[in-house]
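Chemist: Build the 3D model from these lines:
(one chain, ligands or ions: 1)
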Amino acid sequence: MTGNGTLRSGAWFDGDDEVALANRAALAPAARGARGPVIGIANSASDLNPCNMPLRKLAGAVARGVREAGGIPAEFPTISLGEDLMKPSAMLYRNLLAIEIEEMIRSHPLDGIVLLASCDKTVPGAVMGAASADIPTVLVTGGARAPAVFRGRRIGTGTDLWRLWDERRTGDLDDAGWRDLEVCLGAGIGSCNTMGTASSMAILCEALGLMIPGSSTIPAGDPRGTDAAAEAGRCAVAAVRDGTRPSQIMTAAAFRNAIRVLYAIGGSTNAVIHLTAMAGRVGEAFDLNDLERYGSGVPVLADVEPSGAGLIQDFDAAGGLPALLRELSPLLEPAARTVAGPTIGEVIAAAPAVRSGGAIRPLNSADAGGAFAVVRGSLAPDGAVIKTSAATPDLLRHRGPAVVFRGYEDMRRRVEDPALEVTPDSVLVLGGCGPVGAGMPEWGMIPIPAKLAAAGVRDMVRVTDARMSGTSFGTVFLHVAPEAAVGGPLALVRDGDMISVDAAAGVLDLDVGADELARRRAAWSAPTSPHLRGWPALYRAHVTQAPDGCDLDFLTAPTAAHRRFVEPVVGRS
Ligand code: FES
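Modeler: The predicted model follows:
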């Protein structure tokens, strides 16, 4: 209910003039004679995005739940950001989805909303939009796809494909095997079943209090998912009646808990960017310092690929997030609220104990090494991130000569060149792939150069302003800021320059003298993109750097003007 006791949708429907009558008539087919809060069901299901296909069935369950609670369900489609088919990167369109959700809420008689999202960017994009609109919000995800079985072995989405690609490049996987792999990977729908970005974001949104407790890791097609979706519909109506808004759920304490959970699950590095952007939408400052402050010392409890050996199905079977929260409870802030009603402390009190032998380690038996490191230095003045839990420990402190790739095409071509001058001690550098340069695709897991891969090398130090898939692994220093395209030091590195990394000490340095760097900077000019138009042009002009969440600069932190903007202005269309 709004502050004066009426529903937001009342601005459309209350009254006796021709506008109110036309508005009531327009909603009548969806309302089917019911009166009550109107709950939007923003559905990102799409044939172009297999990760989100399970949402089709769940939308009906959400609608049923809304009706059972006395609300009116109103489903509408949204763009669907599928990580595989969308080029150059679904990341380029995350903020567009956020704008779409915010504008659909602003322009329609919605009192609350249920977001149906799964694949990596659909979750943060949808949440960012709803957070900006700040109407009661519940998130439903579609669940991880069933594990594929390749030559008798269960394989995880993404992570095992990257490993098998290395076998293919070195000739260890033949043509028949490569064809078999394609068939088995194309067999399922649902999100990646490793601890990729989709699983990470679903779990983090549950930790933030935006989902039905226990629902973020229910596998695709599991009947529990249908029950949770119906519960989400009921919950959305209750949240409208209680006046529970995202700004009351997505608090500083909730984000601090989310950071701890991110470390505990060994989650995706992409989640660092998304959490920052989501926090920005509710006016909560969140930066790389917070990541270190609240995450360091939190052990990795989830034994899930790529940091561990299991899959999301194993994590769910071990008790899912409630069980992990219970294990992590000494480190959490219990007063944080959830949209479903209970506080995080109450969720923990009702949670099952971790099932032994599963994919969640007890707190007292876990290695306190931590999942991430934030590094800074002359090569990354504003910071960079590495997922240490998926890296090679011996490479986390290293000094070696740079082998520089200027953009993705250059990298793909030269990395296969047997004449490339590179040794296992080299540091592979890829610039031009940040948010301004290329929309920040997941190009950061630079393949091991072919001649080294053939010799058995499986990891090297890599440094880039790109992202990498949450399902990826290796000693990759990501999200270097400022990025090369805006003149960050990454743009000035040349082959043979010495680069020093030390994850534990938080160091990423380019060992080149200040005079030489000044000469290179004077000769540098920003790359131009004359052919950009439409959304990519707007994005490039306004996107912020990775440590600021890659949001558009005019969409962050709510202001008084923003609040007036999302209040309805209703008249003849
Ligand atoms: Fe969509 Fe992984 S590619 S969830």
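
Chemist: Run a quick neighbour tally on the closest residue to the ligand within the stretch 251-400 of the chain.
Modeler: Taking Cβ to the nearest ligand atom as the measure, the stretch 251-400 of the chain has residue 268 as its residue closest to the ligand, at 9.7 Å. Quick note: C-beta positions are derived from backbone N, CA and C, even for glycine. Neighbours of residue 268 under the rule other Cβ atoms under 10 Å: 30.

Chemist: which SS state does it fall under?
Modeler: Under the three-state scheme (DSSP: H, G, I helix; E, B strand; the rest coil), residue 268 adopts coil.

Chemist: The nearest residue to it once chain neighbours are set aside: what's it in contact with?
Modeler: In space, residue 268 comes closest to residue 470 once its chain neighbours are excluded; the distance is 2.6 Å by Cβ to Cβ, 6 or more residues apart in numbering. With contact set as Cβ atoms under 8 Å, 6 or more residues apart in numbering, residue 470 has these partners: 120, 158, 192, 194-200, 267-271, 306.

Chemist: How about the secondary structure of residue 470?
Modeler: At residue 470 the chain is in coil, as set by three-state DSSP.

Chemist: so what's it scoring on pLDDT?
Modeler: For residue 470, the pLDDT comes out at 84.

Chemist: What's the separation between the residue of the stretch 251-400 of the chain closest to the ligand and residue 243?
Modeler: Noted for residue 268: a distance of 33 Å to residue 243, by Cβ to Cβ, to the nearest Å.

Chemist: burial of residue 504, as a residue count?
Modeler: Residue 504 has 12 neighbouring residues, counting by other Cβ under 10 Å.

Chemist: who touches residue 346 in this structure?
Modeler: Taking Cβ under 8 Å, 6+ apart as the definition of contact, the neighbours of residue 346 are residue 334.

Chemist: Could you shift the numbering so residue one becomes 454, and keep it that way?
Modeler: With the count now opening at 454, the last piece we talked about shows up as residue 799.

Chemist: Now it. Its backbone dihedrals?
Modeler: Torsion angles at residue 799 (phi, psi; degrees, to the nearest 10) stand at phi -70, psi -30.

Chemist: got it, and residue 954?
Modeler: The main-chain torsion angles of residue 954 are listed as degrees, to the nearest 10 and equal phi -130, psi 140.

Chemist: With residue 601 instead?
Modeler: phi -80, psi 150.

Chemist: and it, what is it in contact with?
Modeler: Taking Cβ under 8 Å, 6+ apart as the definition of contact, the neighbours of residue 601 are 607, 608, 610, 637, 638, 640, 641.

Chemist: and with 10 Å instead?
Modeler: By Cβ atoms under 10 Å, 6 or more residues apart in numbering, the contact set of residue 601 is 607-610, 613-614, 634, 636-641, 646.

Chemist: ok, now residue 985?
Modeler: By Cβ under 10 Å, 6+ apart, the residues touching residue 985 are 991, 992, 993, 994.

Chemist: ok, of the residues you listed, which come out buried?
Modeler: Buried by 16 or more other Cβ atoms under 10 Å: 991, 992, 993, out of these.

Chemist: helix or strand for the first one, which one?
Modeler: Assigned by DSSP states H and E, residue 991 belongs to helix 987-995.

Chemist: For that helix, name the packing helices and strands.
Modeler: helix 544-560, helix 888-891 (3 or more Cβ pairs under 10 Å, 6 or more residues apart in numbering; DSSP states H and E).

Chemist: please redo it, this time with the cut-off set to 7 Å
Modeler: Helices and strands touching helix 987-995, by 3 or more Cβ pairs under 7 Å, 6 or more residues apart in numbering; DSSP states H and E, are helix 544-560.

Chemist: How many residues are close by the residue of the stretch 804-953 of the chain at minimum distance from the ligand?
Modeler: Distances between the stretch 804-953 of the chain and the ligand by Cβ to the nearest ligand atom are smallest at residue 924, namely 6.8 Å. Around residue 924 sit 28 other residues, with neighbours defined as other Cβ under 10 Å.

Chemist: Once you drop chain neighbours, what's closest to residue 826?
Modeler: With Cβ to Cβ, 6+ apart as the measure, residue 956 is the residue that lies nearest to residue 826, at 4.0 Å, once sequence neighbours are left out.

Chemist: Return the residues in contact with the one you found.
Modeler: Residue 956 makes contact with 826, 828, 839, 841, 849, according to Cβ atoms under 7 Å, 6 or more residues apart in numbering.

Chemist: Mind checking which of those residues land in strands?
Modeler: Members of these lying in strands (criterion: DSSP state E): 826, 828, 839.

Chemist: can you redo the residues you listed as JSON lines with neighbour count, distance to the ligand and pLDDT?
Modeler: Shown next, in JSON lines, are the ones in strands among the contacts of residue 956 (neighbours: other Cβ atoms under 10 Å; distance: Cβ to the nearest ligand atom, whole Å; pLDDT from 0 to 100):
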{"residue": "826", "neighbour count": "27", "distance to the ligand": "24", "pLDDT": "95"}
{"residue": "828", "neighbour count": "24", "distance to the ligand": "26", "pLDDT": "97"}
{"residue": "839", "neighbour count": "26", "distance to the ligand": "21", "pLDDT": "97"}
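
Chemist: which one among these gets closest to residue 541?
Modeler: residue 839 (23.2 Å; Cβ to Cβ).

Chemist: Cool, thanks, talk later.
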